[in-house]
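*Asks:* Just the structure for this:
(one chain, ligands or ions: 1)
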Amino acid sequence: MKTLFTNATFWSSGSPVFSSMLVENEKIIAVGKKAIEQKYDKVVDLNGTFVMPAFADGHAHPLFAGREMLGPQVNGLQSVGEIVAEVARFAKANPDEEWIIGGAYEAAIVEQGDFDAHWLDEAVSDRPVVLHAVDHHTVWVNSKALELSGITTATKNPDGGTIARREDGSPKGTLREPTAIGLVTGNTPKRTMKNEIQALVLACDALLKVGITSAVDAWIEPGMAEVYIEAAKAGKLSVDMSLCFLAVAGQWEENVSYHKELRAQIEALPKSANLEAKTIKFLLDGALSSGTAALMDPYLDDPTTSGLLMWEEDDLLNALCIFDDLDFQVHLHAIGDAAVRQALDAIEAMQRVNPSRDRRPVIAHAQLIHPDDFARFARLGVIANYQPLWTYLDPMNKELILPRLGQERNNRQYPLRTMLDAGVMISYGSDWPVTSHVPLQALAVPVHRQSPDGFPAEGWSKHEAITIEESMTFYTRNVAYQNFNDERLGRLEVGMRADFLVLRENPLTSRLHSVRDIAIESLYRNGLPLPL
Ligand SMILES: [Zn+2]
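*Replies:* Next comes the predicted model:
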């Protein structure tokens, strides 16, 4: 079955545009003039619309997002009162849920981000409540959750984590970083496979709806890959997924064989399962908003600290070398300039120790980078994975990060233009559900670097702005490259899979602030239209 798609502007990640495309089954077999010269069975007139490769999300957390979709819907709420009301509504509607778990709340609506357990107690006091903050490095819990987890005045801060306290030293209800969060989440009931698959299906549907047909799950803890495998076997994985297994400092060695075993299980699935697991994720630091990102110079609000590096240098290098030797790609979360430096140092050392090969290491977020390090990304072939929606002076940057970093360092965040000029490969990820997964909402932000209502007028550190075409390429071709899928996804070329989007307007010629409103007319995956 050959279908000719015609009468549209076809954009293929930066190559010259063309106006027709011939698709046979799931593949593109001709473009431009060559497409109309051939015989076809069916023609689809696209009415002057714009066609581009489907989006790919290079750093997201689909299963976490799906789980959140099953809980109270607190995302985007702008006051404590609204959040508490939503938790109360959910608790009433779900009387059988033993634990009420949800996210993600906006931490910037409360000064310092310290939320009080008593506020949640007003909604629910007889059952534990755990809400994740949008940074996913923080939770807010009610008194029942503190009580069931045995967190009291006497509980010390665990290594690498903090328990926010009242004046009298009693726990306030906000916990930061995995070790502290784990004190509570370690007690939550085990999720059932049925529930987990339900969450994953919701996440896949949400991704398709906004034009994403492939995504990276950048945080796979034990038990999560099993959900993806079951969903794939049941034919319920409707988005191509690349999984990153989480390696935890000091504990990673005990999981090496487990990761290998799960990768082998995934590789044994039929190709149509759309599942891959060839990456190991390393968390090097925390987040700037919570003062846990690792900086070269101290935080201004608390000069006794410059954040936390979660890995000892030797342990990190050892882990990188071992996983790299097993043919895993490495994907490192590094936000502060000290963490980015540590990531580059470790990758450089790894490449010196292990034989050379095509490894495509990734540093995700890379928010603050020391000027000496820009060129090192390019030299080492490190892909910088950025979150385009974060590249403006949003409330988090303004209220939580600016006071901690000071003006000069704050304004040096997200140096996309400098990175490009240094020859660095940039790819995009949404970090959903930390922030919105909708690519069209984010696409123009690194171009204007303004808030949705156009502030500041000149754009935030405007010299770091990129073009809309570069931005579109980072959300398509470059993510495919990051995932070693560049020979089948991310471009509209002969031999590639026919995953494409039909947009009502052309983002290349639209007003920048209108790009987020462009309607998706249709989405094709494997050559087939999907219901939107
Ligand atoms: Zn993430």
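
*Asks:* how about the strands of the stretch 201-350 of the chain, start to end?
*Replies:* Applying DSSP state E, counting those that start in this stretch to the stretch 201-350 of the chain gives strands spanning 212-220, 240-247, 275-283, 329-334.

*Asks:* wait, which of the ones you listed is closest to the ion?
*Replies:* The stretch from these with the least distance to the ion (CB to the ion) is strand 212-220; that distance is 4.9 Å. For every residue, glycine as well, the C-beta is placed using N, CA and C.

*Asks:* who does the closest one touch, helix- and strand-wise?
*Replies:* strand 55-60, helix 62-70, strand 240-247, strand 275-283, strand 329-334, helix 477-482 (3 or more CB pairs under 8 Å, 6 or more residues apart in numbering; DSSP states H and E).

*Asks:* Mind listing what's buried along the third one?
*Replies:* Residues of strand 240-247 classed as buried by neighbour count (16 or more other CB atoms under 10 Å): 240-247.

*Asks:* Could you export these as a markdown table, including pLDDT and distance to residue 43?
*Replies:* As requested, the buried residues of strand 240-247 are exported to a markdown table (pLDDT from 0 to 100; distance: CB to CB, whole Å):
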| residue | pLDDT | distance to residue 43 |
| --- | --- | --- |
| 240 | 97 | 28 |
| 241 | 98 | 33 |
| 242 | 98 | 35 |
| 243 | 98 | 39 |
| 244 | 98 | 42 |
| 245 | 98 | 45 |
| 246 | 97 | 48 |
| 247 | 96 | 51 |
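
*Asks:* circling back to that earlier point, dump the strands of the stretch 201-350 of the chain to a markdown table, plus distance to the ion.
*Replies:* Shown next, in a markdown table, are those (distance: least, CB to the ion, whole Å):
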| stretch | distance to the ion |
| --- | --- |
| strand 212-220 | 5 |
| strand 240-247 | 9 |
| strand 275-283 | 9 |
| strand 329-334 | 6 |
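
*Asks:* Please identify which of those is closest to residue 491.
*Replies:* In terms of CB to CB, the element of those nearest to residue 491 is strand 212-220, at 13.0 Å.

*Asks:* most neighbours per residue, which of the helices and strands packed on strand 212-220?
*Replies:* The highest mean neighbour count among the helices and strands packed on strand 212-220, using mean count of other CB atoms under 10 Å, belongs to strand 55-60: a mean of 29.

*Asks:* Direction included, what does that strand pair up with?
*Replies:* Strand 55-60 has the following sheet partners, assigned by DSSP bridges: strand 212-220 (parallel).

*Asks:* Of all the residues in the strand it pairs with, which ones are buried?
*Replies:* Here strand 212-220 shows 212-220 as buried, counting by 16+ other CB under 10 Å.

*Asks:* circling back: tabulate the strands of the stretch 201-350 of the chain (TSV), appending distance to residue 503.
*Replies:* Shown next, in TSV, are the strands of the stretch 201-350 of the chain (distance: least, CB to CB, whole Å):
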stretch	distance to residue 503
strand 212-220	14
strand 240-247	21
strand 275-283	28
strand 329-334	30
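
*Asks:* Sketch out the low-pLDDT regions of the stretch 151-300 of the chain for me.
*Replies:* Judged by pLDDT under 70, the stretch 151-300 of the chain has no weakly predicted residues.

*Asks:* interface residues of it facing the ion?
*Replies:* Proximity of the stretch 151-300 of the chain to the ion is confined to residue 218 under the rule CB under 5 Å from the ion.

*Asks:* residue boundaries of the helices in the stretch 151-300 of the chain?
*Replies:* 177-185, 193-209, 224-233, 256-267 (DSSP state H, counting those that start in this stretch).

*Asks:* Throw the ones you listed into JSON lines and include mean neighbour count and distance to residue 475, thanks.
*Replies:* Converted to JSON lines, the helices of the stretch 151-300 of the chain look like this (neighbours: other CB atoms under 10 Å; distance: least, CB to CB, whole Å):
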{"stretch": "helix 177-185", "mean neighbour count": "20", "distance to residue 475": "29"}
{"stretch": "helix 193-209", "mean neighbour count": "19", "distance to residue 475": "13"}
{"stretch": "helix 224-233", "mean neighbour count": "20", "distance to residue 475": "23"}
{"stretch": "helix 256-267", "mean neighbour count": "15", "distance to residue 475": "25"}
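
*Asks:* among those helices, which is nearest residue 27?
*Replies:* It's helix 193-209; of these, that one is closest to residue 27 (CB to CB) at 19.6 Å.

*Asks:* So what touches the closest one?
*Replies:* 57, 62-63, 65-67, 69-70, 213, 215, 226-228, 230-231, 234, 236-239, 437, 523, 525, 530, 532 (CB atoms under 8 Å, 6 or more residues apart in numbering).

*Asks:* Residue 319: which of the helices of the stretch 151-300 of the chain is closest?
*Replies:* Closest among these, once you apply CB to CB, is helix 256-267, at 8.9 Å.

*Asks:* From the contact counts, what lies against that closest one?
*Replies:* Looks like helix 256-267 contacts helix 224-233, strand 240-247, strand 275-283, helix 313-325 (3+ CB pairs under 8 Å, 6+ apart).

*Asks:* try 7 Å
*Replies:* helix 224-233, strand 275-283 (3 or more CB pairs under 7 Å, 6 or more residues apart in numbering; DSSP states H and E).

*Asks:* Quick one: closest of the ones you listed to residue 115.
*Replies:* Of all the helices and strands packed on helix 256-267, strand 275-283 sits nearest to residue 115, with 22.9 Å by CB to CB.

*Asks:* Paired strands for the closest one, with orientation please.
*Replies:* strand 240-247 (parallel), strand 329-334 (parallel).

*Asks:* how distant is the last one from the center of its chain?
*Replies:* Between the centre of strand 329-334 and the centre of its host chain there is 12 Å, according to CA atoms, centre = their mean, to the nearest Å.

*Asks:* now stretch 381-401
*Replies:* When distances are taken as CA atoms, centre = their mean, stretch 381-401 is centred 12 Å away from the chain's centroid.

*Asks:* quick one: terminal-to-terminal distance for that stretch?
*Replies:* 30 Å (CA to CA, to the nearest Å).

*Asks:* Pull out the buried residues from it.
*Replies:* 382-394, 396-397, 399-401.

*Asks:* residue contacts, the closest residue to residue 114 other than its chain neighbours?
*Replies:* Nearest residue to residue 114, sequence neighbours excluded (CB to CB, 6 or more residues apart in numbering): residue 164, at 4.5 Å. Contacts for residue 164 (CB atoms under 7 Å, 6 or more residues apart in numbering) come out as 114, 172, 174.
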